[in-house]
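> Sequence first, predicted model second:
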Amino acid sequence: MKNMIVNSIAIISPNSKTAKYAEFTAGINVVTSNKNINGNYVGKSSLLRSIYHTLGADGKFTTSLWEREGKYTYILDFSINNSRFRMLRFDNLFKLYDENNSLLFKVINRTDLAIELNKLFNQEIYLKNKNNEYSIAHPAFNYLLNYIDQKEIRVSEFSTFNGLNAFSAFYSDLLYSHLGVNNKQFNELKIESDELNRKIGEINKKNLMFNEMLAQIDKNKDLNSNYSEIEVLKKELQKHQDEYTKLIGEANKLKEKLLKTNDSKIEIEFAINELRKMISSDEKVLDKSIKEHTCPICNSELRDDSHAYIHKAVDVDGAKFQLLDAERELGKLSREIILTNSKYEDNLAELKRIEARVFEGNKGLEDTIKSYGMKKIKANIFEEISNNEVSKNTFIEDRKKITKLLRSLDERKKEVNKKYLTNFYDIYQKYSLGGFDLSSIDSVETKIKVDGTRVNITQVAWLCSLLKTKYEFNPDSLIYPLVFDNPNNADFDEDNERKIFNLIFDNLPENGQIITSLVGFDQNLYNSYEIKKKIMLVNPENSLLNNDDFESCLDRYSSIL
(Lines give C-alpha, C1' and ligand atoms only; values in the text may rest on other atoms or scores of the structure.)
Protein backbone atom coordinates (compact mmCIF):
# COMPACT_ATOMS: atom_id res chain seq x y z
CA MET A 1 0.00 0.00 0.00
CA LYS A 2 1.15 3.52 -0.79
CA ASN A 3 0.94 6.26 1.81
CA MET A 4 0.93 10.00 1.33
CA ILE A 5 2.69 11.92 4.08
CA VAL A 6 2.44 15.71 4.28
CA ASN A 7 5.87 17.06 5.27
CA SER A 8 5.18 20.79 5.31
CA ILE A 9 3.03 23.59 3.97
CA ALA A 10 3.92 27.17 3.10
CA ILE A 11 1.22 29.81 2.62
CA ILE A 12 2.49 33.09 1.17
CA SER A 13 0.77 36.46 0.76
CA PRO A 14 3.03 38.44 -1.60
CA ASN A 15 0.94 41.61 -1.24
CA SER A 16 1.22 41.83 2.54
CA LYS A 17 4.66 40.13 2.66
CA THR A 18 3.42 37.68 5.27
CA ALA A 19 3.41 33.89 5.30
CA LYS A 20 2.82 30.77 7.38
CA TYR A 21 5.06 27.72 7.45
CA ALA A 22 4.25 24.49 9.30
CA GLU A 23 5.93 21.08 9.36
CA PHE A 24 4.27 17.72 9.89
CA THR A 25 5.48 14.14 10.19
CA ALA A 26 4.22 10.58 9.72
CA GLY A 27 1.96 9.42 12.54
CA ILE A 28 -0.26 11.66 14.68
CA ASN A 29 -0.03 15.46 14.36
CA VAL A 30 -2.18 17.83 16.41
CA VAL A 31 -2.56 21.55 15.72
CA THR A 32 -3.71 23.31 18.86
CA SER A 33 -3.89 26.66 20.64
CA ASN A 34 -4.18 27.94 24.20
CA LYS A 35 -7.68 27.32 25.48
CA ASN A 36 -7.60 30.32 27.81
CA ILE A 37 -5.70 32.92 25.77
CA ASN A 38 -6.85 33.68 22.21
CA GLY A 39 -7.53 30.00 21.56
CA ASN A 40 -10.09 30.53 18.84
CA TYR A 41 -9.73 32.22 15.44
CA VAL A 42 -5.96 31.78 15.31
CA GLY A 43 -6.07 29.82 12.02
CA LYS A 44 -6.11 26.11 12.92
CA SER A 45 -8.90 25.45 10.43
CA SER A 46 -7.32 27.60 7.73
CA LEU A 47 -4.04 25.74 8.10
CA LEU A 48 -5.71 22.33 7.77
CA ARG A 49 -8.00 23.49 4.92
CA SER A 50 -4.94 24.59 2.98
CA ILE A 51 -3.57 21.04 2.74
CA TYR A 52 -6.13 19.54 0.36
CA HIS A 53 -6.83 22.99 -1.08
CA THR A 54 -3.25 22.96 -2.42
CA LEU A 55 -3.93 19.53 -3.97
CA GLY A 56 -6.91 20.77 -5.98
CA ALA A 57 -9.90 20.85 -3.63
CA ASP A 58 -11.50 24.20 -2.88
CA GLY A 59 -11.48 24.73 0.86
CA LYS A 60 -14.35 26.58 2.49
CA PHE A 61 -12.35 29.49 3.87
CA THR A 62 -13.94 32.48 5.56
CA THR A 63 -14.12 34.62 2.44
CA SER A 64 -14.18 37.98 4.24
CA LEU A 65 -10.87 37.25 6.00
CA TRP A 66 -8.92 34.69 3.97
CA GLU A 67 -6.98 36.06 0.98
CA ARG A 68 -8.49 39.48 1.71
CA GLU A 69 -5.30 41.21 0.58
CA GLY A 70 -4.98 39.12 -2.61
CA LYS A 71 -4.52 35.52 -3.76
CA TYR A 72 -2.11 33.42 -1.74
CA THR A 73 0.56 31.07 -3.03
CA TYR A 74 0.47 27.59 -1.47
CA ILE A 75 3.39 25.12 -1.50
CA LEU A 76 2.73 21.63 -0.13
CA ASP A 77 5.71 19.33 0.42
CA PHE A 78 4.59 15.68 0.55
CA SER A 79 5.95 12.17 0.10
CA ILE A 80 4.50 9.05 -1.47
CA ASN A 81 6.47 6.13 -0.01
CA ASN A 82 10.08 7.05 -0.84
CA SER A 83 9.38 9.76 -3.43
CA ARG A 84 9.10 13.41 -2.50
CA PHE A 85 7.07 16.10 -4.31
CA ARG A 86 6.08 19.73 -4.05
CA MET A 87 2.75 21.06 -5.27
CA LEU A 88 2.42 24.79 -5.89
CA ARG A 89 -0.99 26.39 -6.20
CA PHE A 90 -1.80 29.96 -7.14
CA ASP A 91 -5.51 30.48 -7.81
CA ASN A 92 -6.25 27.98 -10.62
CA LEU A 93 -2.60 27.35 -11.51
CA PHE A 94 -1.11 24.06 -10.28
CA LYS A 95 2.53 23.01 -10.69
CA LEU A 96 4.05 19.76 -9.41
CA TYR A 97 7.79 19.36 -8.83
CA ASP A 98 9.87 16.34 -7.88
CA GLU A 99 12.46 16.23 -5.09
CA ASN A 100 15.04 17.79 -7.44
CA ASN A 101 12.65 20.71 -8.11
CA SER A 102 12.12 19.55 -11.71
CA LEU A 103 8.70 20.48 -13.06
CA LEU A 104 6.56 17.37 -13.63
CA PHE A 105 3.42 19.14 -14.89
CA LYS A 106 1.66 22.47 -15.01
CA VAL A 107 -2.14 22.78 -15.44
CA ILE A 108 -4.77 25.47 -15.02
CA ASN A 109 -8.01 23.48 -14.74
CA ARG A 110 -9.39 20.75 -12.48
CA THR A 111 -9.93 18.12 -15.18
CA ASP A 112 -6.31 18.23 -16.36
CA LEU A 113 -5.18 18.26 -12.73
CA ALA A 114 -7.29 15.16 -12.00
CA ILE A 115 -5.76 13.32 -14.96
CA GLU A 116 -2.21 14.15 -13.83
CA LEU A 117 -2.82 13.36 -10.16
CA ASN A 118 -4.47 10.05 -11.01
CA LYS A 119 -1.19 8.93 -12.57
CA LEU A 120 0.54 9.73 -9.30
CA PHE A 121 -2.15 8.56 -6.86
CA ASN A 122 -3.32 5.47 -8.81
CA GLN A 123 -6.95 6.26 -8.18
CA GLU A 124 -9.48 7.22 -10.85
CA ILE A 125 -12.95 8.27 -9.82
CA TYR A 126 -15.61 8.68 -12.49
CA LEU A 127 -18.89 10.39 -11.67
CA LYS A 128 -21.93 11.44 -13.67
CA ASN A 129 -21.80 15.06 -14.80
CA LYS A 130 -24.73 17.39 -15.50
CA ASN A 131 -25.21 15.67 -18.89
CA ASN A 132 -25.67 12.32 -17.10
CA GLU A 133 -22.41 11.04 -18.61
CA TYR A 134 -19.48 9.62 -16.68
CA SER A 135 -16.40 11.82 -16.63
CA ILE A 136 -13.30 11.98 -14.49
CA ALA A 137 -14.02 13.59 -11.12
CA HIS A 138 -12.22 16.67 -9.82
CA PRO A 139 -9.42 15.99 -7.30
CA ALA A 140 -11.60 17.04 -4.34
CA PHE A 141 -13.55 13.78 -4.63
CA ASN A 142 -10.37 11.79 -3.92
CA TYR A 143 -10.06 13.37 -0.47
CA LEU A 144 -13.65 13.37 0.79
CA LEU A 145 -13.28 10.29 3.03
CA ASN A 146 -10.14 11.76 4.58
CA TYR A 147 -11.24 15.29 5.46
CA ILE A 148 -13.52 16.88 8.03
CA ASP A 149 -14.19 20.60 8.15
CA GLN A 150 -15.39 21.69 11.57
CA LYS A 151 -18.17 23.84 10.06
CA GLU A 152 -19.43 21.11 7.72
CA ILE A 153 -19.91 18.09 9.98
CA ARG A 154 -23.02 16.26 8.73
CA VAL A 155 -23.45 12.52 9.11
CA SER A 156 -23.31 10.54 5.85
CA GLU A 157 -22.96 13.73 3.83
CA PHE A 158 -20.17 15.27 1.74
CA SER A 159 -20.06 19.06 1.89
CA THR A 160 -16.55 19.84 3.08
CA PHE A 161 -15.33 21.44 -0.17
CA ASN A 162 -16.73 23.99 -2.60
CA GLY A 163 -17.61 22.97 -6.16
CA LEU A 164 -18.94 19.48 -5.43
CA ASN A 165 -22.19 20.28 -7.27
CA ALA A 166 -20.34 19.96 -10.60
CA PHE A 167 -21.42 16.30 -10.40
CA SER A 168 -25.00 15.37 -9.63
CA ALA A 169 -26.10 12.44 -7.46
CA PHE A 170 -22.53 11.23 -6.92
CA TYR A 171 -23.03 9.62 -3.49
CA SER A 172 -23.18 5.91 -4.42
CA ASP A 173 -20.72 6.13 -7.29
CA LEU A 174 -18.20 7.93 -5.09
CA LEU A 175 -18.44 5.46 -2.20
CA TYR A 176 -18.17 2.33 -4.32
CA SER A 177 -15.28 3.81 -6.33
CA HIS A 178 -13.34 4.44 -3.13
CA LEU A 179 -14.17 0.96 -1.84
CA GLY A 180 -12.76 -0.83 -4.87
CA VAL A 181 -15.97 -1.48 -6.82
CA ASN A 182 -15.89 0.07 -10.28
CA ASN A 183 -19.33 1.61 -10.10
CA LYS A 184 -18.76 3.38 -13.40
CA GLN A 185 -18.27 0.01 -15.07
CA PHE A 186 -21.23 -1.48 -13.16
CA ASN A 187 -23.63 1.30 -14.21
CA GLU A 188 -22.42 1.37 -17.81
CA LEU A 189 -22.79 -2.42 -18.05
CA LYS A 190 -26.31 -2.12 -16.61
CA ILE A 191 -27.19 0.50 -19.23
CA GLU A 192 -25.67 -1.69 -21.97
CA SER A 193 -27.63 -4.73 -20.70
CA ASP A 194 -30.88 -2.73 -20.73
CA GLU A 195 -30.14 -1.61 -24.29
CA LEU A 196 -29.50 -5.21 -25.41
CA ASN A 197 -32.79 -6.28 -23.81
CA ARG A 198 -34.56 -3.52 -25.73
CA LYS A 199 -32.96 -4.61 -29.04
CA ILE A 200 -33.83 -8.28 -28.44
CA GLY A 201 -37.42 -7.27 -27.66
CA GLU A 202 -37.66 -5.24 -30.86
CA ILE A 203 -36.35 -8.18 -32.93
CA ASN A 204 -38.93 -10.51 -31.34
CA LYS A 205 -41.72 -8.06 -32.22
CA LYS A 206 -40.49 -7.70 -35.82
CA ASN A 207 -40.19 -11.45 -36.38
CA LEU A 208 -43.66 -12.02 -34.93
CA MET A 209 -45.05 -9.47 -37.40
CA PHE A 210 -43.12 -11.09 -40.30
CA ASN A 211 -44.44 -14.56 -39.43
CA GLU A 212 -47.99 -13.21 -39.38
CA MET A 213 -47.42 -11.73 -42.86
CA LEU A 214 -46.15 -15.10 -44.15
CA ALA A 215 -49.22 -16.81 -42.74
CA GLN A 216 -51.53 -14.36 -44.57
CA ILE A 217 -49.67 -14.87 -47.88
CA ASP A 218 -49.89 -18.66 -47.59
CA LYS A 219 -53.65 -18.45 -46.89
CA ASN A 220 -54.35 -16.88 -50.35
CA LYS A 221 -54.26 -19.89 -52.71
CA ASP A 222 -54.95 -17.72 -55.76
CA LEU A 223 -51.53 -16.16 -55.34
CA ASN A 224 -49.63 -19.44 -55.41
CA SER A 225 -48.87 -19.87 -59.14
CA ASN A 226 -46.33 -22.45 -60.13
CA TYR A 227 -42.83 -21.72 -61.35
CA SER A 228 -43.48 -22.68 -65.04
CA GLU A 229 -46.22 -20.06 -65.40
CA ILE A 230 -43.88 -17.37 -64.16
CA GLU A 231 -41.17 -18.50 -66.61
CA VAL A 232 -43.64 -18.29 -69.56
CA LEU A 233 -44.50 -14.76 -68.49
CA LYS A 234 -40.83 -13.81 -68.34
CA LYS A 235 -40.19 -15.10 -71.91
CA GLU A 236 -43.26 -13.35 -73.30
CA LEU A 237 -42.21 -10.08 -71.73
CA GLN A 238 -38.65 -10.47 -73.04
CA LYS A 239 -39.94 -10.99 -76.57
CA HIS A 240 -41.69 -7.60 -76.65
CA GLN A 241 -39.23 -5.76 -74.41
CA ASP A 242 -37.40 -3.77 -77.13
CA GLU A 243 -40.56 -2.62 -78.88
CA TYR A 244 -42.21 -1.79 -75.61
CA THR A 245 -39.17 0.20 -74.43
CA LYS A 246 -39.08 2.17 -77.72
CA LEU A 247 -42.78 3.03 -77.47
CA ILE A 248 -42.38 4.12 -73.86
CA GLY A 249 -39.54 6.46 -74.92
CA GLU A 250 -41.64 7.95 -77.72
CA ALA A 251 -44.60 8.36 -75.42
CA ASN A 252 -42.48 10.32 -72.97
CA LYS A 253 -41.16 12.59 -75.74
CA LEU A 254 -44.68 13.25 -77.07
CA LYS A 255 -45.91 14.01 -73.58
CA GLU A 256 -43.06 16.49 -73.07
CA LYS A 257 -43.82 18.13 -76.45
CA LEU A 258 -47.51 18.45 -75.54
CA LEU A 259 -46.62 20.20 -72.29
CA LYS A 260 -44.30 22.71 -74.02
CA THR A 261 -46.81 23.42 -76.82
CA ASN A 262 -49.60 23.97 -74.32
CA ASP A 263 -47.38 26.43 -72.42
CA SER A 264 -46.71 28.36 -75.67
CA LYS A 265 -50.44 28.37 -76.49
CA ILE A 266 -51.27 29.86 -73.08
CA GLU A 267 -48.66 32.61 -73.58
CA ILE A 268 -50.05 33.55 -77.05
CA GLU A 269 -53.65 33.56 -75.78
CA PHE A 270 -52.57 35.95 -73.04
CA ALA A 271 -50.83 38.22 -75.62
CA ILE A 272 -53.95 38.23 -77.83
CA ASN A 273 -56.14 39.33 -74.92
CA GLU A 274 -53.72 42.13 -74.08
CA LEU A 275 -53.66 43.35 -77.74
CA ARG A 276 -57.44 43.39 -77.88
CA LYS A 277 -57.65 45.44 -74.70
CA MET A 278 -55.11 47.92 -76.09
CA ILE A 279 -56.88 48.26 -79.47
CA SER A 280 -60.26 48.83 -77.81
CA SER A 281 -58.79 51.49 -75.53
CA ASP A 282 -56.99 53.35 -78.35
CA GLU A 283 -60.08 53.45 -80.59
CA LYS A 284 -62.02 55.15 -77.79
CA VAL A 285 -59.26 57.74 -77.51
CA LEU A 286 -59.42 58.47 -81.30
CA ASP A 287 -63.19 58.95 -81.19
CA LYS A 288 -62.81 61.42 -78.34
CA SER A 289 -60.08 63.30 -80.20
CA ILE A 290 -62.31 63.88 -83.26
CA LYS A 291 -65.19 65.12 -81.16
CA GLU A 292 -63.19 67.38 -78.79
CA HIS A 293 -60.28 68.44 -81.11
CA THR A 294 -57.73 67.25 -78.60
CA CYS A 295 -54.47 65.48 -79.18
CA PRO A 296 -55.00 61.69 -78.80
CA ILE A 297 -51.43 61.45 -77.45
CA CYS A 298 -51.06 64.34 -74.96
CA ASN A 299 -54.74 65.58 -74.65
CA SER A 300 -53.83 69.21 -75.59
CA GLU A 301 -56.19 71.29 -77.83
CA LEU A 302 -55.41 71.13 -81.59
CA ARG A 303 -56.08 73.56 -84.45
CA ASP A 304 -55.14 70.92 -87.00
CA ASP A 305 -55.73 67.53 -85.51
CA SER A 306 -55.18 65.47 -88.64
CA HIS A 307 -51.47 64.79 -88.04
CA ALA A 308 -51.86 63.54 -84.44
CA TYR A 309 -54.90 61.52 -85.36
CA ILE A 310 -53.08 59.81 -88.21
CA HIS A 311 -50.10 59.05 -85.91
CA LYS A 312 -52.31 57.40 -83.27
CA ALA A 313 -54.42 55.62 -85.88
CA VAL A 314 -51.27 54.08 -87.38
CA ASP A 315 -50.45 52.63 -83.91
CA VAL A 316 -53.92 51.15 -83.62
CA ASP A 317 -53.73 49.63 -87.07
CA GLY A 318 -50.31 48.17 -86.28
CA ALA A 319 -51.69 46.52 -83.17
CA LYS A 320 -54.50 45.05 -85.23
CA PHE A 321 -51.98 43.45 -87.59
CA GLN A 322 -50.06 42.13 -84.60
CA LEU A 323 -53.30 40.63 -83.36
CA LEU A 324 -53.78 38.83 -86.68
CA ASP A 325 -50.23 37.50 -86.56
CA ALA A 326 -50.77 36.23 -83.00
CA GLU A 327 -54.05 34.57 -83.95
CA ARG A 328 -52.29 32.87 -86.87
CA GLU A 329 -49.62 31.49 -84.51
CA LEU A 330 -52.33 30.36 -82.10
CA GLY A 331 -54.01 28.43 -84.87
CA LYS A 332 -50.74 26.70 -85.79
CA LEU A 333 -50.11 25.70 -82.16
CA SER A 334 -53.67 24.43 -81.71
CA ARG A 335 -53.25 22.19 -84.77
CA GLU A 336 -49.86 20.98 -83.53
CA ILE A 337 -51.42 20.08 -80.19
CA ILE A 338 -54.17 18.10 -81.90
CA LEU A 339 -51.68 16.20 -84.07
CA THR A 340 -49.28 15.50 -81.18
CA ASN A 341 -52.10 14.38 -78.92
CA SER A 342 -53.32 12.05 -81.63
CA LYS A 343 -49.83 10.51 -81.95
CA TYR A 344 -49.63 10.18 -78.17
CA GLU A 345 -52.98 8.38 -78.02
CA ASP A 346 -51.91 6.09 -80.85
CA ASN A 347 -48.68 5.38 -78.92
CA LEU A 348 -50.60 4.48 -75.78
CA ALA A 349 -52.94 2.29 -77.77
CA GLU A 350 -49.95 0.42 -79.22
CA LEU A 351 -48.55 -0.10 -75.71
CA LYS A 352 -51.86 -1.56 -74.60
CA ARG A 353 -51.92 -3.88 -77.68
CA ILE A 354 -48.47 -5.20 -76.70
CA GLU A 355 -49.64 -5.74 -73.13
CA ALA A 356 -52.72 -7.53 -74.47
CA ARG A 357 -50.54 -9.79 -76.67
CA VAL A 358 -48.38 -10.62 -73.63
CA PHE A 359 -51.35 -11.54 -71.47
CA GLU A 360 -53.38 -13.13 -74.30
CA GLY A 361 -53.66 -16.87 -73.87
CA ASN A 362 -52.18 -16.75 -70.36
CA LYS A 363 -55.20 -17.37 -68.20
CA GLY A 364 -54.87 -15.93 -64.71
CA LEU A 365 -51.67 -14.16 -65.67
CA GLU A 366 -52.53 -11.17 -63.48
CA ASP A 367 -52.63 -13.51 -60.50
CA THR A 368 -49.37 -15.01 -61.73
CA ILE A 369 -47.72 -11.59 -61.60
CA LYS A 370 -49.10 -10.95 -58.12
CA SER A 371 -47.93 -14.39 -57.06
CA TYR A 372 -44.46 -13.67 -58.41
CA GLY A 373 -44.37 -10.45 -56.40
CA MET A 374 -45.56 -12.25 -53.30
CA LYS A 375 -42.89 -14.92 -53.70
CA LYS A 376 -40.27 -12.18 -53.85
CA ILE A 377 -41.77 -10.60 -50.74
CA LYS A 378 -41.75 -13.96 -48.95
CA ALA A 379 -38.10 -14.46 -49.87
CA ASN A 380 -37.25 -11.00 -48.52
CA ILE A 381 -39.21 -11.68 -45.31
CA PHE A 382 -37.40 -15.01 -44.76
CA GLU A 383 -34.06 -13.24 -45.31
CA GLU A 384 -35.04 -10.47 -42.87
CA ILE A 385 -36.09 -13.02 -40.23
CA SER A 386 -32.81 -14.89 -40.71
CA ASN A 387 -30.74 -11.69 -40.35
CA ASN A 388 -32.73 -10.71 -37.27
CA GLU A 389 -32.08 -14.09 -35.66
CA VAL A 390 -28.33 -13.74 -36.28
CA SER A 391 -28.37 -10.28 -34.65
CA LYS A 392 -30.54 -11.56 -31.81
CA ASN A 393 -28.15 -14.44 -31.07
CA THR A 394 -25.22 -12.00 -31.04
CA PHE A 395 -27.10 -9.73 -28.61
CA ILE A 396 -27.96 -12.70 -26.38
CA GLU A 397 -24.31 -13.79 -26.22
CA ASP A 398 -23.23 -10.20 -25.41
CA ARG A 399 -25.89 -10.06 -22.71
CA LYS A 400 -24.60 -13.29 -21.16
CA LYS A 401 -21.10 -11.82 -20.90
CA ILE A 402 -22.45 -8.59 -19.36
CA THR A 403 -24.65 -10.54 -16.94
CA LYS A 404 -21.60 -12.49 -15.82
CA LEU A 405 -19.64 -9.29 -15.21
CA LEU A 406 -22.60 -7.68 -13.42
CA ARG A 407 -22.92 -10.69 -11.14
CA SER A 408 -19.22 -10.51 -10.36
CA LEU A 409 -19.43 -6.79 -9.55
CA ASP A 410 -22.64 -7.31 -7.61
CA GLU A 411 -20.97 -10.06 -5.54
CA ARG A 412 -18.09 -7.69 -4.85
CA LYS A 413 -20.57 -5.03 -3.75
CA LYS A 414 -22.13 -7.53 -1.35
CA GLU A 415 -18.70 -8.40 0.09
CA VAL A 416 -17.85 -4.69 0.46
CA ASN A 417 -21.15 -3.97 2.18
CA LYS A 418 -20.76 -6.94 4.50
CA LYS A 419 -17.28 -5.83 5.54
CA TYR A 420 -18.37 -2.20 5.96
CA LEU A 421 -21.27 -3.25 8.21
CA THR A 422 -18.91 -5.40 10.27
CA ASN A 423 -16.43 -2.52 10.65
CA PHE A 424 -19.18 -0.06 11.54
CA TYR A 425 -20.75 -2.46 14.02
CA ASP A 426 -17.38 -2.98 15.75
CA ILE A 427 -16.88 0.78 16.12
CA TYR A 428 -20.49 1.19 17.26
CA GLN A 429 -19.94 -1.32 20.03
CA LYS A 430 -16.44 -0.26 21.06
CA TYR A 431 -17.28 3.46 21.37
CA SER A 432 -20.92 3.10 22.48
CA LEU A 433 -22.19 5.32 19.70
CA GLY A 434 -25.97 5.14 20.08
CA GLY A 435 -28.42 7.77 18.92
CA PHE A 436 -29.63 5.74 15.91
CA ASP A 437 -30.98 2.33 14.98
CA LEU A 438 -28.07 0.16 13.84
CA SER A 439 -30.41 -2.38 12.21
CA SER A 440 -31.63 0.28 9.76
CA ILE A 441 -28.20 0.37 8.10
CA ASP A 442 -27.89 -2.31 5.40
CA SER A 443 -25.22 -0.96 3.02
CA VAL A 444 -22.71 1.83 2.44
CA GLU A 445 -25.47 3.71 0.62
CA THR A 446 -27.65 3.93 3.74
CA LYS A 447 -27.56 7.42 5.19
CA ILE A 448 -27.44 7.52 8.96
CA LYS A 449 -29.88 9.74 10.83
CA VAL A 450 -28.74 10.65 14.32
CA ASP A 451 -29.65 13.19 16.97
CA GLY A 452 -27.57 16.37 17.43
CA THR A 453 -25.46 15.26 20.40
CA ARG A 454 -24.07 12.29 18.47
CA VAL A 455 -23.45 13.90 15.08
CA ASN A 456 -19.69 14.47 15.44
CA ILE A 457 -18.66 11.06 16.71
CA THR A 458 -21.01 9.30 14.28
CA GLN A 459 -19.53 11.16 11.33
CA VAL A 460 -16.00 10.21 12.44
CA ALA A 461 -17.12 6.60 12.96
CA TRP A 462 -18.76 6.51 9.51
CA LEU A 463 -15.63 7.81 7.76
CA CYS A 464 -13.30 5.50 9.71
CA SER A 465 -15.50 2.49 8.84
CA LEU A 466 -15.41 3.43 5.16
CA LEU A 467 -11.64 3.93 5.20
CA LYS A 468 -11.00 0.62 6.96
CA THR A 469 -13.12 -1.10 4.28
CA LYS A 470 -11.28 0.80 1.55
CA TYR A 471 -7.87 -0.34 2.79
CA GLU A 472 -8.97 -3.97 2.45
CA PHE A 473 -10.86 -3.87 -0.84
CA ASN A 474 -8.91 -1.17 -2.66
CA PRO A 475 -5.33 -1.88 -1.52
CA ASP A 476 -3.65 -0.42 -4.62
CA SER A 477 -5.09 3.06 -4.10
CA LEU A 478 -3.17 5.75 -2.26
CA ILE A 479 -3.76 6.16 1.48
CA TYR A 480 -4.23 9.87 2.10
CA PRO A 481 -3.62 11.59 5.46
CA LEU A 482 -6.64 11.90 7.75
CA VAL A 483 -7.09 15.65 8.01
CA PHE A 484 -9.83 16.10 10.62
CA ASP A 485 -10.33 19.75 11.55
CA ASN A 486 -11.66 20.13 15.11
CA PRO A 487 -13.87 17.01 14.80
CA ASN A 488 -15.63 17.67 18.12
CA ASN A 489 -16.73 21.18 17.09
CA ALA A 490 -19.74 22.48 19.07
CA ASP A 491 -19.79 19.30 21.17
CA PHE A 492 -18.99 20.36 24.73
CA ASP A 493 -19.26 16.89 26.23
CA GLU A 494 -15.70 16.04 27.37
CA ASP A 495 -16.45 12.32 27.32
CA ASN A 496 -17.51 12.60 23.67
CA GLU A 497 -14.35 14.59 22.92
CA ARG A 498 -12.09 11.85 24.28
CA LYS A 499 -14.12 9.17 22.44
CA ILE A 500 -13.78 11.07 19.18
CA PHE A 501 -10.01 11.45 19.42
CA ASN A 502 -9.52 7.89 20.66
CA LEU A 503 -11.52 6.74 17.65
CA ILE A 504 -9.40 8.84 15.29
CA PHE A 505 -6.07 7.79 16.78
CA ASP A 506 -7.13 4.13 16.81
CA ASN A 507 -7.65 4.36 13.07
CA LEU A 508 -4.20 5.62 12.15
CA PRO A 509 -3.30 3.65 8.99
CA GLU A 510 -0.14 1.59 9.03
CA ASN A 511 2.72 3.95 8.13
CA GLY A 512 0.05 6.60 7.66
CA GLN A 513 -0.63 10.09 8.97
CA ILE A 514 -3.25 11.96 10.97
CA ILE A 515 -3.42 15.77 11.11
CA THR A 516 -6.13 17.02 13.44
CA SER A 517 -6.84 20.09 15.56
CA LEU A 518 -8.36 21.02 18.89
CA VAL A 519 -8.34 24.07 21.10
CA GLY A 520 -6.42 23.32 24.29
CA PHE A 521 -5.40 19.78 23.34
CA ASP A 522 -4.24 17.94 26.50
CA GLN A 523 -1.69 15.36 25.48
CA ASN A 524 -1.79 13.76 28.93
CA LEU A 525 -5.29 12.46 28.19
CA TYR A 526 -3.90 10.40 25.31
CA ASN A 527 -0.76 8.86 26.78
CA SER A 528 -1.53 5.53 25.17
CA TYR A 529 -0.95 7.09 21.75
CA GLU A 530 2.30 8.39 20.33
CA ILE A 531 1.67 12.01 19.39
CA LYS A 532 4.50 12.60 16.94
CA LYS A 533 4.03 16.35 16.55
CA LYS A 534 2.09 19.02 18.41
CA ILE A 535 1.89 22.42 16.72
CA MET A 536 0.92 25.29 19.01
CA LEU A 537 -0.44 28.41 17.32
CA VAL A 538 0.26 31.50 19.43
CA ASN A 539 -0.48 34.23 16.88
CA PRO A 540 -3.21 36.87 17.42
CA GLU A 541 -6.74 36.22 16.15
CA ASN A 542 -7.16 36.21 12.33
CA SER A 543 -3.40 36.56 11.87
CA LEU A 544 -2.16 33.10 10.92
CA LEU A 545 0.22 34.57 8.34
CA ASN A 546 3.11 36.53 9.86
CA ASN A 547 6.21 38.50 8.87
CA ASP A 548 8.66 36.09 10.52
CA ASP A 549 7.80 33.18 8.18
CA PHE A 550 7.81 35.27 5.01
CA GLU A 551 11.52 35.06 4.16
CA SER A 552 11.82 31.31 4.71
CA CYS A 553 8.67 30.68 2.65
CA LEU A 554 9.93 32.98 -0.06
CA ASP A 555 13.16 30.97 -0.21
CA ARG A 556 11.15 27.78 -0.65
CA TYR A 557 9.19 29.41 -3.45
CA SER A 558 12.37 30.71 -5.11
CA SER A 559 14.00 27.27 -4.98
CA ILE A 560 11.41 25.78 -7.35
CA LEU A 561 11.24 28.65 -9.81
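In hand now; what should we look at?

> What residue spans form the domains of this protein?
The chain breaks down into these domains under automatic domain parsing: 2-179+444-559, 223-363.

> backbone phi and psi for the residue nearest to R86 when sequence neighbours are not counted, please?
Once flanking residues are discounted, R86 sits nearest to Y97: 4.5 Å by C-beta to C-beta, 6 or more residues apart in numbering. The way it works is simple: take the backbone N, C-alpha and C, and place the C-beta from them, glycine included. The phi/psi pair for Y97 (degrees, to the nearest 10) reads phi -120, psi 150.

> Bridge partners for Y97, pull those for me.
R86, L103 (DSSP bridges).

> swap in the one 10 residues further on?
The bridge-partner assignment for V107, based on DSSP bridges, gives F94.

> check contacts around it.
93-94, 113, 116 (C-beta atoms under 8 Å, 6 or more residues apart in numbering).

> before we move on, the earlier item: return the most buried member of the domains of the chain.
domain 2-179+444-559 (a mean of 18; mean count of other C-beta atoms under 10 Å).

> gap between that domain and the chain center?
31 Å (C-alpha atoms, centre = their mean, to the nearest Å).

> Equivalent analysis for stretch 429-447, please.
With C-alpha atoms, centre = their mean, you get 37 Å for stretch 429-447.

> same question, stretch 325-335
70 Å.

> re earlier: verify the stated contact: the residue nearest to R86 with R84.
No. Using C-beta atoms under 8 Å, Y97 makes no contact with R84, being 9.5 Å away.

> Quick check: which element contains the residue nearest the centre of the chain?
Per C-alpha atoms, centre = their mean, the C-alpha nearest to the average position across the chain is that of N131, at 4.0 Å. Counting by DSSP states H and E, there is no helix or strand that carries N131.

> and what of the one 4 residues further on?
In this structure, S135 is located in strand 134-136 according to DSSP H and E.

> got the contact list for that strand?
111, 114-115, 118, 124-129, 184, 187-188.

> again with stretch 162-169
58-60, 110, 127-130, 132, 137-138, 140-141, 158, 170.

> Mind checking the pLDDT average for that stretch?
In this model, stretch 162-169 carries a mean pLDDT of 86.

> before we move on, the earlier item: quickly note the distance from the residue nearest to R86 to I560.
Counting by C-beta to C-beta, to the nearest Å, the gap from Y97 to I560 is 5 Å.

> Any chance you could list residues touching both of the two?
Contacts common to Y97 and I560, judged by C-beta under 8 Å, 6+ apart, are 86, 88.

> S517 pairs with what?
V31.

> ok, back up a step: the contacts of V107: which two are farthest apart?
Farthest apart among the contacts of V107 by C-beta to C-beta are L93 and E116. That separation is 13.1 Å.

> Find the residue ranges of the stretch 1-150 of the chain scoring beneath the pLDDT cut-off.
Within the stretch 1-150 of the chain, the stretches with pLDDT under 70 are 38-39.

> run the last query once more with 80
Counting by pLDDT under 80, the stretch 1-150 of the chain shows low-confidence ranges at 1, 36-39, 63-64, 132.

> again, but for the stretch 201-350 of the chain
210, 213-251, 254-255, 258, 271, 274-328, 330-331, 333, 344, 347-350.

> Can you show me the helices along it?
Taking DSSP state H, counting those that start in this stretch as the criterion, the stretch 201-350 of the chain carries its helices at 227-239, 241-292, 306-359.
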